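Asker: my questions concern the predicted model and sequence given below.
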Amino acid sequence: MRLEFDDDQRALLDAVGAVAAVHRALPLAGGVRFEYSTALARDLEAGGYFDAVLTDGLGPPAAAAMLIELAQLPACAEIAASALLAPRLGLPRPCAVLEADRGAPARFLPQARSVVAIGPDGVFHAALRDGDARHVDSLFAYPMGVLAAPEALAWQPAAIGRDEALDLWRSALAAETVGCLAAALDSVLAHVKDRRQFGRPLGSLQAVQHRLAGCATRIEGARWLALAAAAGQVAPALAAAQAQQAVRPVCYDLHQFMGAMGLTLEHPLHRWTYRAKRLQAELGGAERQFAAAAAAAWPDPAPEGAR
């Protein structure tokens, strides 16, 4: 696999990094499960960054790399669907994504101006107005909501097929999961450098270093698969599965080494790990994505009568 960004893509990512640096420097609201940033969404929209996926010379790889960068911010905004799926469908943002059950809770429904439902019968979308969705409480570090009356919305068939929509959403899930895990790892690395145990920094202990190196290896492998999937070099289902599979062992180790501080709402670690836990379950989780990747690579032979 060979994946290198060109000058245009690097320029976009440099600009996105500058936007991220501004929002990373903002003070955090302590003691809350999530912090939704309308300012981040507004800055990205104003800068035209969400259109990268449709821009010649940028495309899905740049959009996925942008998503990895932005998912590392402690405050969240609806960026995954806006970066990869909504532009392809021409939908207003923020955009929420549902699966077959249109009455199930979904991320960002309380803020969404449009909703996409990817089900076995195809892809449908609808515009949302105030009151069409309501907030629901959740442990996940995202704003979660449900549609008030999904059957009352004016659902329209999408201009793309189910397979294409699924691949776009799988690429988005893989990239966002990688960003969350990478930021979580960075926060724990900072902690073990400062936290002293047995008269020396916790991070100087070889056992801690080995397990954190394992976390870094899982995250880096998932990152390259996410970018390769966006570039069309590997199946997006495989990239999503690899990222989702990394969530459990990485989050376990990170919370172990953060200690009691990792259980508080004051420290931002929970924002990234609990986002990742939500992403871990989407589209049926890693097992279903591995199955989809295997089915695409080795389709069942046609029955004798169909040949």
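Answerer: Structure received.

Asker: and the next element down the chain from the helix or strand bottoming out on mean pLDDT in the chain?
Answerer: The helix or strand with the lowest mean pLDDT-type score in the chain, counting by mean pLDDT, DSSP states H and E, is strand 196-197 (a mean of 68). Reading on from strand 196-197 to the C-terminus, the next helix or strand found by DSSP states H and E is strand 200-201.

Asker: strand partners (parallel or antiparallel) of that following strand?
Answerer: Note on strand 200-201: by DSSP bridges, its sheet partners are strand 196-197 (antiparallel).

Asker: now stretch 56-73, how far from the chain's geometric center?
Answerer: On the basis of C-alpha atoms, centre = their mean, to the nearest Å, the separation between the geometric centre of stretch 56-73 and that of its chain is 11 Å.

Asker: how about it: buried residues?
Answerer: Residues 58-73 are the ones in stretch 56-73 that count as buried (16 or more other C-beta atoms under 10 Å). In short, each C-beta sits where N, CA and C put it, glycine included.

Asker: now it: average pLDDT?
Answerer: For stretch 56-73, the mean per-residue pLDDT is 96.

Asker: what do you get for stretch 276-284?
Answerer: Stretch 276-284 shows a mean pLDDT of 97.

Asker: cool, and stretch 257-265?
Answerer: For stretch 257-265, mean pLDDT rounds to 83.

Asker: give the buried residues for that stretch.
Answerer: For stretch 257-265, the neighbour count (16+ other C-beta under 10 Å) marks Phe257, Met258, Gly262 as buried.

Asker: which residues of this structure score low on pLDDT?
Answerer: Regions of the chain meeting the criterion pLDDT under 70 cover residues 1-2, 196-197, 203-204, 301-307.

Asker: in it, which residue is most central in space?
Answerer: Nearest to the mean C-alpha position of the chain, by C-alpha atoms, centre = their mean, lies Glu176 at 2.2 Å.

Asker: isn't it up against Leu67?
Answerer: Yes. Contact status for Glu176 versus Leu67: in contact at 5.7 Å, counting by C-beta atoms under 8 Å.

Asker: what touches both of the two?
Answerer: Ile79, Ala80 (C-beta atoms under 8 Å, 6 or more residues apart in numbering).

Asker: so what touches stretch 89-99?
Answerer: Where contact means C-beta under 8 Å, 6+ apart, the residues beyond stretch 89-99 that reach it are 41, 45, 50, 77-78, 80-82, 85-86, 104, 106-109, 111-119, 125, 127-128, 133, 145, 147, 158-160, 169, 282-283.

Asker: please flag which of those sit within strands.
Answerer: 106-107, 114-119, 125, 127, 133, 145, 147 (DSSP state E).

Asker: re the thing from before, list only buried entries from the contacts of stretch 89-99.
Answerer: Buried residues within these, counting neighbours by 16+ other C-beta under 10 Å: 41, 50, 77-78, 80-82, 85-86, 106-109, 111-118, 125, 128, 133, 145, 147, 158, 160, 169, 282-283.

Asker: picking up where we left off before, got the contact list for the residue nearest to the centre of the chain?
Answerer: Listed by C-beta under 8 Å, 6+ apart, the contact set of Glu176 reads Leu67, Ile68, Ala71, Ile79, Ala80, Arg275, Leu279.

Asker: over to Leu166?
Answerer: Contact criterion C-beta under 8 Å, 6+ apart gives Ile118, Pro236, Ala237, Leu283, Ala292 as the residues in contact with Leu166.

Asker: do the same with Phe198
Answerer: Leu205.

Asker: same thing with Arg162?
Answerer: Shown here is Arg162, whose contacts under the criterion C-beta under 8 Å, 6+ apart are Ile118, Gly119, Pro120, Gly122, Val123.

Asker: possible to save those as JSON lines with distance to Val208?
Answerer: What follows is the contacts of Arg162, written out as JSON lines (distance: C-beta to C-beta, whole Å):
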{"residue": "Ile118", "distance to Val208": "41"}
{"residue": "Gly119", "distance to Val208": "45"}
{"residue": "Pro120", "distance to Val208": "46"}
{"residue": "Gly122", "distance to Val208": "49"}
{"residue": "Val123", "distance to Val208": "46"}
